[in-house]
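**Q** Build me a structure from this.
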Amino acid sequence: MKITSDTLRELLMKPGHIAEVDFELAVKESEKKNTSLERFLVEKGLISDVNLGKTIANAFDVLFIDLQKTKISDDLLHFIPEVVARTQHVIVFEQDNDRLKVATSNLDNYEFINLLKKKTGRAIDVYYATPLGIKEALKYYRSDVRDQIKNFIKELQIHPENEEHIVTLVNLFLEYAHDSRASDIHLEPLENNVLVRFRIDGVLHEIVEYPRTLHEKIVSRIKIMARLRTDEHAAAQDGRFSFSPEHFDHSVEDTATEVSWTSIANKFDVRVSVLPITDGENIVMRLLTDNSRRLLLEDLGLSEDDLQTITRAAIKPHGMLLSVGPTGSGKTTTLYGILQILNTSEVNIMTIEDPVEYDMEHIQQTQVNQSKKLTFVTGLRSIIRQDPDIIMVGEVRDKETAAIAVNAAMTGHLLLSTLHSNDAATTFPRLIDMGIEPFLVSSSINVVMAQRLVRRICQKCRISYTLNEEDLKMLESEGEFLKMAEQFFEKKEFLKSTFYKGAGCKTCGDTGYSGRIGIFEVLEIVEDLRILISQKVSADVIDKKAKELGMTPMFFDGLTKVFKGITTLEEIMRVIKT
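**A** Now for the predicted structure:
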């Protein structure tokens, strides 16, 4: 019953689930990355996780369980210790009298199932779960990791000379952040302690503190990993390293408690920034996870109409597509989603980025390197001489980059880029302020996508509610917000509508949120708008005309997601203000 590449080839290629060329490439890449083929096929977007799971389960005549949508209670975790669950790829997800329901991605593991049966004295019902499903379910053990970190810190206070524990502690920070879906790790020196915070879904969360006496050694360890100067403490430094957790078991004895944990996280890159401050050296580590999976536009939160508008603009042979918004609003991810549509063997796609955050096959990607005088301007000039059909520029930051980009868009190239702008309409005055002629701006741009990221409600603890007096007071204090909301409903019974939120659970760390999704306004440049832009009218005039022509404002897109139970009213209010 072992699931081999030959087994998957038989199950997925013959029925036509996956094309032969895609499957064979996936086999080679999964072997190179040392990851399971099942997981790789899903991450590449070649098949959905649920369809893969059902196909395998049916072939082996077992039931399938989608663990990504299954809530597992804490009282089930004691049946299998975390280190065993991780190494055996198995978890108990339900009990019923004298029976246990067990999910595993390793259907060949009879020995372990028989051992579990003996140890528990229960009959075992085995279900198949995909590797991604198992990985998601293992997050229910997450609190053990924080306890483990605290135990290592206590041990280091007693034995600060233990270099191995410093290495382990830094590894645990990285692994815990990765499993928590954190984008950044902050190590912030305070007067007496150092605060560790993770940015999860765009919001910083306090994780743990450790004594200042340990900070120098922890900083030194991170500098060694990032190949930075360990003897330099007065200058800012930037570095990068790849982190590939091994299957290891760390133990620290704290009184009678022994804690163990084994990581199954994939390799990921970490970008390190070290900055001297008054209390020491502040470190921020950006986690750049393995982004070999396909980024699909339809997964980013675009409405059907907006998706069609972007697709229509993307297949034009020339012109500009701009993604705008503040830092951290997902602009680059949206552009990569568009590149997935355009990435075919018939075109030459080249990029200049700072940094390259997503590694994409068949696309020539260049990273800005200031020390080598490779900037957006010099890189873009060189790219144009490389016979590209499609160009992506990480960001339009200045007049020179904007001028070259506009010229490229008007001379037979499709150009994608990002720009810092509050909304779609203010993009045009922004470019004009950079020194680009209004008629060039109006002629070169096909579409502008303004966006923000909002946190998704955790689907495992989502509950519905109606507004109470406290909620009403909050809305009344945001008079303009309430006015716009009533306009969205055409003055229907907005205040009596059903809303949703997360109650908080172990999966989402009691935040009520898990993951993020985009809210958008997509402005397609049609003739009426080109005339206005050429006349150098204000952003308000352009915005009003775009709405008359059918553009859905970002706020309304957000409210649509509120009433679908995707995000919360509070989250839209928080994000729209930025």
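
**Q** hey, where'd the strands end up in the stretch 251-400 of the chain?
**A** Applying DSSP state E, counting those that start in this stretch to the stretch 251-400 of the chain gives strands spanning 252-254, 257-259, 268-277, 280-288, 319-324, 349-353, 364-367, 390-393.

**Q** Same list, those, but as JSON lines with mean pLDDT and mean neighbour count please.
**A** Backbone N, C-alpha and C define where each C-beta goes, glycine included. Output for the strands of the stretch 251-400 of the chain, formatted as JSON lines (pLDDT from 0 to 100; neighbours: other C-beta atoms under 10 Å):
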{"stretch": "strand 252-254", "mean pLDDT": "38", "mean neighbour count": "15"}
{"stretch": "strand 257-259", "mean pLDDT": "29", "mean neighbour count": "13"}
{"stretch": "strand 268-277", "mean pLDDT": "92", "mean neighbour count": "17"}
{"stretch": "strand 280-288", "mean pLDDT": "93", "mean neighbour count": "20"}
{"stretch": "strand 319-324", "mean pLDDT": "97", "mean neighbour count": "25"}
{"stretch": "strand 349-353", "mean pLDDT": "95", "mean neighbour count": "23"}
{"stretch": "strand 364-367", "mean pLDDT": "93", "mean neighbour count": "15"}
{"stretch": "strand 390-393", "mean pLDDT": "96", "mean neighbour count": "25"}
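
**Q** F241: which of those strands is closest?
**A** strand 268-277 (5.6 Å; C-beta to C-beta).

**Q** so what strands line up beside that closest one?
**A** Strand 268-277 pairs in its sheet with strand 237-243 (antiparallel), strand 280-288 (antiparallel), by DSSP bridges.

**Q** Run through who's touching it.
**A** With C-beta atoms under 8 Å, 6 or more residues apart in numbering as the test, strand 268-277 has contacts from 174, 178, 189, 219, 222-223, 225-226, 228, 233-243, 281-290, 355.

**Q** Now tabulate the strands paired with strand 268-277 in JSON lines and tack on distance to N468.
**A** Shown next, in JSON lines, are those (distance: least, C-beta to C-beta, whole Å):
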{"stretch": "strand 237-243", "distance to N468": "46"}
{"stretch": "strand 280-288", "distance to N468": "39"}
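
**Q** What are the phi and psi values at the closest residue to N109 other than its chain neighbours?
**A** Counting by C-beta to C-beta, 6 or more residues apart in numbering, N109 lies nearest to Q88, which is 6.3 Å off, once chain neighbours are set aside. Backbone torsions of Q88, given as degrees, to the nearest 10, read phi -90, psi -10.

**Q** tell me the mean pLDDT for stretch 547-557?
**A** Per-residue pLDDT over stretch 547-557 has a mean of 92.

**Q** scratch that, stretch 438-457 is what I was asking about
**A** For stretch 438-457, mean pLDDT is 95.

**Q** picking that back up, isn't the residue nearest to N109 up against N106?
**A** Yes - Q88 lies in contact with N106 (C-beta atoms under 8 Å); the separation is 6.9 Å.

**Q** Low-confidence regions, the stretch 101-250 of the chain specifically.
**A** Applying pLDDT under 70 to the stretch 101-250 of the chain flags the ranges 142-145, 245-250.

**Q** show me where it has strands.
**A** Using DSSP E, counting those that start in this stretch, strands in the stretch 101-250 of the chain cover 123-128, 182-189, 193-200, 203-211, 237-243.
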